[in-house]
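Participant: This is a predicted model, with the sequence first.
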Amino acid sequence: MDYHGRAQCIVVRDNKLLMVKHKLPEDEWYCLPGGGIEPGETPEQAAVRELREECNVSGVIVKKTGEYVDPYDEKNFFYTFQMDISGQTPSLGYDPELTDNPVLAEVRWMALNEISEMDRVFLWASGLISIPQFADEISAWSREIGYPAKAEKLT
């Protein structure tokens, strides 16, 4: 089978997630370690490779946590896997496709409350709820309705 899309990794330690900061001149964001699936590669192989490239650690797949269609290209899918890296210490790696203009800026362990609302949305879509400590955290949340305020335009 020929897979298309992105494979990414959920790595948890001490109730924190391993996140990679991407930085462009006009924007920056945190996301799970991961990237494009190469021709002939399975999503599982791509997830292990991307974790090694971006975070300099070897991971073992614990379970698949999510698979969903790319909202911007219905031919691509996002595949997410919970990974175990044991006691390894992650460090900033590289994106081999962008060595001339690197976009990876940081690798960091982050608690949910340190991650922006927009970046957290992708975590839930990726299956974060299937990891017990995060599912347990949700049970303490309020049933109050909240929605991010829209930024006012400067005039």
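Facilitator: Nice, thanks for sending it over.
Participant: C-alpha coordinates for stretch 80-100, CSV please?
Facilitator: Once non-C-alpha atoms are left out, stretch 80-100 reads as follows in CSV (Å, rounded to 0.1, in the frame of the first residue of the first chain):
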residue,chain,number,x,y,z
THR,A,80,-0.3,9.2,15.2
PHE,A,81,1.4,6.7,17.5
GLN,A,82,2.2,6.7,21.2
MET,A,83,5.9,6.1,21.5
ASP,A,84,8.2,4.9,24.3
ILE,A,85,11.7,6.4,24.4
SER,A,86,12.6,5.0,27.9
GLY,A,87,15.1,7.2,29.7
GLN,A,88,16.6,8.8,26.6
THR,A,89,17.1,12.6,26.6
PRO,A,90,15.7,14.3,23.5
SER,A,91,17.7,17.0,21.8
LEU,A,92,17.0,19.2,18.8
GLY,A,93,17.6,17.3,15.6
TYR,A,94,16.9,18.4,12.0
ASP,A,95,14.5,18.2,9.1
PRO,A,96,16.5,16.7,6.2
GLU,A,97,14.2,18.3,3.7
LEU,A,98,15.0,21.8,5.1
THR,A,99,18.7,21.8,5.9
ASP,A,100,19.3,25.0,4.0
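Participant: Check which residues of it are buried.
Facilitator: Neighbour counts using 16 or more other Cβ atoms under 10 Å place T80, F81, Q82, M83, I85, P90, G93, D95 of stretch 80-100 among the buried residues. Where C-beta positions appear, they are placed from N, C-alpha and C, glycine not excepted.
Participant: Just name the closest of the residues you listed to I131, please.
Facilitator: The closest of the buried residues of stretch 80-100 to I131 turns out to be Q82 (Cβ to Cβ; 6.2 Å).
Participant: I'd like to know how far that closest one sits from K150.
Facilitator: Applying Cβ to Cβ, to the nearest Å, the value for Q82 to K150 is 34 Å.
Participant: Share the number of residues neighbouring L17, please.
Facilitator: Close neighbours of L17, defined as other Cβ atoms under 10 Å, add up to 24.
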